[in-house]
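[1] sequence unknown, structure follows:
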């Protein structure tokens, strides 16, 4: 069977399986079951109606008294069991969690024995009996108990196993190792260098599930864990809410105000009147002519009060019914939070609780400098229809937009270039950047029989990236060129920004179709199968001219079509799974298998030829030989088991293989560079490039991770629960850079490529202790101990040595030159070829000696280039891989061995404590404190006279607090005033950016005592010496109506 | 001495003012404590034992449980750095004559005292009850070091390192045993010993053979007087 047939056969197989199987669980809904008994006799009661109050959904107990309801939405509901001759029993607060089985038993009394309906509150077991994974669920109660966590990112990072500053890093993995889903729609992070869109704002979230390990087969394209977000549906009543927070102006960085800082040494001359009065022409005015009266002139040294910037945070929403069968939900969040506008450091952008997902975006996109108060908007809308008791249709959209500045040398007021940019105006000479995400989806959940249902989803997710607010001069062909800015008369400070041509145009779209079929085949078998197909549509171009004589072009497109960059590539990603959840007398097993595949759907230019003289011109790509689209496939078995130890404790074990498609940029991205002007290229700015620095690689395989874990949960007293999981996982095929050298007579070139040649080993212990809400408080503590090491396996470079026959063949070996109107072929004369061939032969002799010597000392091999790279048969020469050195089991840079969080929540009723009339000072109070700690980055250190030791830089802790006071309350309407404080204790921890040995030996986190600059000016690095920001206070008002 | 007079007067006022009340479930109480801190492990390398003083407020939600809010203030002074030496480039060992090393330690904790058994009528005169104490909260520490000669210098040995401080509001927990003995109906003497662990660190000074200290750990032994008020 060829691959296309396989492609067609898979969905067919799914439908066949769907028809054959009968029952299951689903990632977005829960299963509800239980047994109905006669209270007097203890006998099972058949024929009892068990109904979810307020809906038309229900089930009837079977001959053994069991009832079953599948695809129940997560949340709290009320169940009513009734039968003629018996008093009805109502169970309230039945909590449904996605992926879990909720068991609610009933005992009915005959009417003659009891006259009144019985209402009892259901209690969910504190330890889930069917938890076969490390699986943490945050329901509405937990989400509301974390007002300090403002975003999905904040919430996710408080769970065990998740890195405190990146919701995508779970159990020591990388930022692309986890997946994130919203309402079952995967938001990919593997099509744009790990950028992860986190979906809606917090108030739209009904439930968050974090799987830190042991994900079952339905979760694909991941290496570590999964985050599943389920959004709220509208209810039967109209509801609305609003939240406004104000952040007063303050300095957002440590140390002195930048205009008074020792950072500048003696460059600031505020006491010099001439220096203060110096002016600069910022623009030539409307007429565009320099030296005319309309020129915009400003002071060269303008100290801007950048600490006087206010921030705002607005969130609101509305929900309600649309007739009897439909409901709506809409929410939106708009923030403009002040940032440290003078800070180019990525570090401060990596974790900012006040900005939530914006901070994550900043990290993922490489840490672009932000605006003074960057726009960050996100909203979602959802319509839900219930045409019958057995069907639910949802249509939703999530939208987000954020703004940044583009980077460029001396384009923006920041601390770059030794602080020379601090007098540049707000804005960027490299333009701004707007990134928007839009996810539109529709889903159908249909229960076709009491034991079978299916879920079908279609989603279309688009990420648009575009450059804006540019003001670049154009060259004679209309292409942007870079113009250097101006310095002050001292020649030190930049006072007019450079106009750096640096633009990005990108469109990434994903069309996803997903079908899951679930069926309770027998009482003990819950089978689920599904297929997931994503067709990507991606183009990307970054044109960057960091200085007037250099151009770098980075793109993903069909390179033969350039400059039409909007010719997208369309790789296809496929997933298929089949799993069975088996439940036997308390023991639960989950076994499944998954198939993942990537079809590149793109004819790549033959990478073996890219560096030949005739093909190293981007313009000549169109003439190159191409290779067939490639498949990368992987089967992944998964297994999990859970068994109760006591009624209040359970044990679980999982083992599995996890496959992940590496970032598509690793397959498709090319980068070219040219130094020097190219004025004769009249028709576009980059076809004349002839220096490729990064090549596409169609042969990247899927990353494979083997993972094992064993864990236990224990409800040790009252509502206190503790859990532990020990894990080991090993990932192979991680992507790293590799280079390829082309040794030929005219010149040697090299090009970067990406190779699946790195492994990572991770092991650790994950602990948590939780207390449910009672006695006015709850808490949740998570502790992670992790060890991660990484190293390269396989070659780090490949060298090619063509032979003389290759050089002598004019069809294979020629060049191009510009004849005034176009590039024409430039052939070498026979005499030139003979010379080149002679040099090749000479090289060969020398290389042969080297190779012979190499045999004696290193592992050595020749590559079969035809087999490895589909190279043409006449590419004669030797391909030789080389192996780089390096330390095996090197700790990962992000190996934060210990990290922990504690969130504490206090909530008092309105009439709590002493009061005056209706007012109780400590009543209606809610407080939420979140404390976090992480160990410093690993560091090799060699004590004097000893072997190197692995140490860690100092710890970091930070604490945030929010206190709320309910001012007005009446039913579902209330108004709440709150104060929130980030970095409550103003903790100032340092990563020790300077000399680590100085710190270890002498405790020295400052320049050495004999540092002359330090002695003269003071601590000139205080601005960057510490993590994060000083204490920041905000006040706000929330209303519900 | 003025402080002792004030505290003594306070104790007298409390004793008299609460005399008619009988401590029981729902009672509130306040107390004063004097403790002896014994730093252990890494912290013990830095400092010797020292004293601390504190106040607490207690609430009795059940006959066998007391919940208390506790504040303590203490200091460790004249740490071992004053006498520690480093080996300079000439191979000789030197102390730093101007060295100073002091640490302040305040704590704000919430503790639960769970009585193991009750001898005599609860809260009655001459009764006593041993208990297990567990608690947690924030320990605010600040370790100030100054006057250390810089071992990295050449020439004359004169340059000193800049003074530095390690400080943190460290989350911490404690656990221990104690006994509460009622002298009269509303006044109890409380004696306890606990182990404290604080999630904080002190930087290493390896030329003085002080490694990085994490976490900070200590024992504390103390005695106090508690005055109960009727809660009903």
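    Good, I have the coordinates. A quick note: this is a predicted structure, and the numbers were derived from the prediction, not measured. Numbers count the residues shown, from 1 in each chain, chains lettered A, B, ... in the order given.
[2] can we go C-alpha only for contacts and neighbour counts from here?
    OK.
[3] Can you get me a residue count around residue A:388?
    12 (other Cα atoms under 10 Å in any protein chain shown).
[4] next one: residue A:41
    Residues within reach of residue A:41, counting by other Cα under 10 Å, total 8.
[5] got it, and residue A:765?
    When neighbours are defined as other Cα under 10 Å, residue A:765 has 22 of them.
[6] same thing with residue A:913?
    Considering only other Cα under 10 Å, residue A:913 is surrounded by 13 other residues.
[7] ok, residues contacting stretch A:664-677?
    The set of residues external to stretch A:664-677 that reach it, using Cα atoms under 8 Å, 6 or more residues apart in numbering or on different chains, is A:190-193, A:548-557, A:618, A:689-700, A:735, A:754.
[8] Now do the one helix or strand residue A:979 maps to: everything it contacts.
    Residue A:979 is located in strand A:973-982, with elements delineated by DSSP states H and E. Here strand A:973-982 makes contact (Cα under 8 Å, 6+ apart) with A:148, A:353-354, A:959-969, A:1031-1041.
[9] Give me the sheet partners of that strand and which way each runs.
    strand A:956-970 (antiparallel), strand A:1032-1040 (antiparallel) (DSSP bridges).
[10] Present these as CSV; the columns should include mean neighbour count and mean pLDDT.
    Shown next, in CSV, are those (neighbours: other Cα atoms under 10 Å in any protein chain shown; pLDDT from 0 to 100):
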stretch, mean neighbour count, mean pLDDT
strand A:956-970, 20, 92
strand A:1032-1040, 19, 95
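[11] Out of these, which gets nearest to residue B:144?
    Residue B:144 lies closest, by Cα to Cα, to one member of those: strand A:956-970, at 18.9 Å.
[12] and that closest one, how far from the chain's centre?
    Between the centre of strand A:956-970 and the centre of its chain there are 28 Å (Cα atoms, centre = their mean, to the nearest Å).
[13] which residue ranges form the helices in chain B?
    B:2-17, B:41-46 (DSSP state H).
[14] same thing with chain A?
    Remark: helices assigned in chain A by DSSP H are A:3-20, A:140-144, A:152-157, A:273-277, A:347-350, A:357-364, A:416-419, A:664-668, A:804-808, A:830-857, A:865-869, A:996-1002, A:1012-1017.
[15] how about residue A:814, what does it touch?
    Residue A:814 makes contact with A:613-614, A:825-828, according to Cα under 8 Å, 6+ apart.
[16] again, only using 7 Å
    Residue A:814 makes contact with A:613-614, A:826-828, according to Cα atoms under 7 Å, 6 or more residues apart in numbering or on different chains.
[17] Which members of those are classed as buried?
    A:613-614, A:827-828 (16 or more other Cα atoms under 10 Å in any protein chain shown).
[18] of the residues you listed, closest to chain B?
    Using Cα to the nearest Cα, residue A:613 is the member of these that lies nearest chain B, at 55.9 Å.
[19] my guess is the closest one contacts residue A:815, does it?
    Yes: counting by Cα atoms under 7 Å, residue A:613 does reach residue A:815; the two are 5.3 Å apart.
[20] For the residue of chain B found nearest chain A, which non-adjacent residue is spatially closest?
    Relative to chain A, the nearest point of chain B is residue B:206 (4.5 Å; Cα to the nearest Cα). Of all residues not flanking residue B:206 in the chain, residue A:1001 sits nearest, at 4.5 Å (Cα to Cα, 6 or more residues apart in numbering or on different chains).
[21] My read is that the one you found contacts residue B:207, right?
    Yes: counting by Cα under 7 Å, residue B:207 is a contact partner of residue A:1001 at 5.2 Å.
[22] any idea how far residue A:702 lies from residue A:731?
    Relative to residue A:731, residue A:702 is positioned 11 Å away (Cα to Cα, to the nearest Å).
[23] sorry, that was for residue A:640
    Using Cα to Cα, residue A:640 is found at 19 Å from residue A:731.
[24] Also residue B:140?
    For residue B:140, the distance to residue A:731 - Cα to Cα - is 42 Å.
[25] same check, this time on residue A:1012
    Distance, residue A:1012 to residue A:731, using Cα to Cα: 48 Å.
[26] The two - which one has more neighbours?
    residue A:731 (22 against 11).
[27] how about the residue of chain A found nearest chain B, what does it touch?
    Closest approach between chain A and chain B, counting by Cα to the nearest Cα: residue A:1001, at 4.5 Å. Residue A:1001 makes contact with B:204-207 under the criterion Cα under 7 Å, 6+ apart.
[28] among those, which ones are buried?
    Buried subset of those (neighbour count, 16+ other Cα under 10 Å): B:204-207.
[29] and residue 128, how many residues sit next to it?
    With no chain named, the answer covers chain A. Neighbour number of residue A:128 under other Cα under 10 Å is 19.
[30] hmm, I had chain B in mind actually
    Residue B:128 - counted by other Cα under 10 Å - has 23 other residues nearby.
[31] Would you check that it makes contact with residue B:118?
    Yes: contact status for residue B:128 versus residue B:118: in contact at 6.3 Å, counting by Cα under 7 Å.
[32] who touches residue A:147 in this structure?
    residue A:928.
[33] For it, grab phi and psi.
    When quoted as degrees, to the nearest 10, the phi and psi of residue A:147 stand at phi -60, psi -20.
[34] The residue of chain B positioned farthest from its centre and residue B:88: what is the separation?
    Going by Cα atoms, centre = their mean, the residue of chain B most distant from its centre is residue B:155, 43.8 Å out. Here the distance between residue B:155 and residue B:88 works out to 11 Å (Cα to Cα).
[35] With residue A:525 instead?
    74 Å.
[36] try residue A:246
    Using Cα to Cα, we find residue A:246 at a distance of 56 Å from residue B:88.
[37] ok, and what's touching stretch A:913-921?
    A:910-912, A:922-923.
[38] Equivalent analysis for stretch A:742-758, please.
    By Cα under 7 Å, 6+ apart, stretch A:742-758 touches A:611, A:666, A:692-697, A:700-701, A:732-741, A:791-794, A:799-802, A:836, A:839-840.
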